[in-house]
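Trainee: Sharing a model that was predicted from the sequence below.
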Amino acid sequence: MKRLSTILLALSILVVPALLLAADTGNRDVFRIGKAEFSSATEFTVPLEVIHDEDLAAMDIPLTYSKGVTLNKVTFEGTRVENFDEKIVNIDAANSRVVLGLIDMIYALKESPALKPAVNGDYKVAVLHFTLNDPTLKSIEIGTYSTDAPSHELMYVYNDFSGGTPAVREILPAFEGGLISLEARSGGAPIPTTYELSQNVPNPFNPSTQVQFALPKAGQVNLSIYNVLGQEVTTLVDGFLPAGYQTVTWNGTDRSGHTVASGVYFYKIRAGEFSETKKMMMLK
């Protein structure tokens, strides 16, 4: 909250002497939402891009996003604003909103106290990191909004001069690309809609076999092997996994690394409220 107050105060200092709030006549000012990039079946990023042709001193970026996803964080590493003095992020998960406040110079003078127009096509200023909670979603929408208390509106702030007097000018940029396709998740692989535990392949097996299971959402998963007496032989999975189709190999050894005897074994999965057991056979 203290850092949010800082950005609001800084922006208010910038805009109090403003000369105008209007479209940038003859120039191009665009705020653009980039394409989703998936790192797993449920984790993806969306870049935020700024196009401008004058030196940009600050930005106020209030955004909304669809239900069915969680915004985990916003990062600036490797972007054009990485060296800005202030990069404020306020995520309101309950209302699916986030506010970004970016100011180039606030703590000390800089040789270039404003963001220069990009000449190489690199317009990225931030990256949104999402988790997909609803596997049925094919797209999400990111939009902008405005508020009065505190005051927020999608806005670029430029340094300006009038008769030799320093001032600032606010611009309301055009907004592009709010509908984000999620079709590229996991290289195009679909996300299952139900929990499933498949029969191991091959079965019977020697010396190893594979077990595939389906997770419609990310969560804690335990997959263990038991003998006919109900004693746990080994644990293949015990941890958090993303949604999707998972494949695990059992090499036919117990938790001590010894090869098990020929016979019938059972493998059991627990994931959320889902639990299922299937039978396999080891033959030597």
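Mentor: Arrived safely, thanks for sending.

Trainee: quick check, N72 in a strand?
Mentor: Yes: under DSSP: H, G, I helix; E, B strand; the rest coil, N72 falls within a strand.

Trainee: how far out from the middle of the chain is stretch 220-234?
Mentor: Here stretch 220-234 shows a centroid-to-chain-centroid distance of 35 Å under the convention CA atoms, centre = their mean, to the nearest Å.

Trainee: Tell me which residues of it come out buried.
Mentor: Applying a neighbour-count criterion of 16 or more other CB atoms under 10 Å, the buried positions in stretch 220-234 are 221, 223-225, 233-234. Where C-beta positions appear, they are placed from N, C-alpha and C, glycine not excepted.

Trainee: Now pLDDT too, for the residues you listed, in TSV please.
Mentor: Listed next are the buried residues of stretch 220-234 as TSV, based on pLDDT from 0 to 100:
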residue	pLDDT
V221	96
L223	97
S224	97
I225	98
V233	97
T234	97
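
Trainee: These into a markdown table, with extra columns for distance to K124?
Mentor: Below are the buried residues of stretch 220-234 laid out as a markdown table (distance: CB to CB, whole Å):
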| residue | distance to K124 |
| --- | --- |
| V221 | 35 |
| L223 | 40 |
| S224 | 45 |
| I225 | 47 |
| V233 | 50 |
| T234 | 46 |
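
Trainee: Show me the two of those residues that sit farthest apart.
Mentor: Of all pairs drawn from these, the greatest distance, 17.8 Å, lies between V221 and V233 (CB to CB).

Trainee: Identify the bridge partners of the nearest residue to L197 once chain neighbours are set aside.
Mentor: In space, L197 comes closest to E276 once its chain neighbours are excluded; the distance is 4.4 Å by CB to CB, 6 or more residues apart in numbering. Beta-bridge partners recorded for E276 (DSSP bridges): I269.

Trainee: Go ahead and confirm E276 touches Y267.
Mentor: No: E276 is beyond contact range of Y267, at 9.3 Å (criterion: CB atoms under 8 Å).

Trainee: list residues touching both of those two?
Mentor: Residues within reach of E276 and of Y267 at once, by CB atoms under 8 Å, 6 or more residues apart in numbering, are L197.
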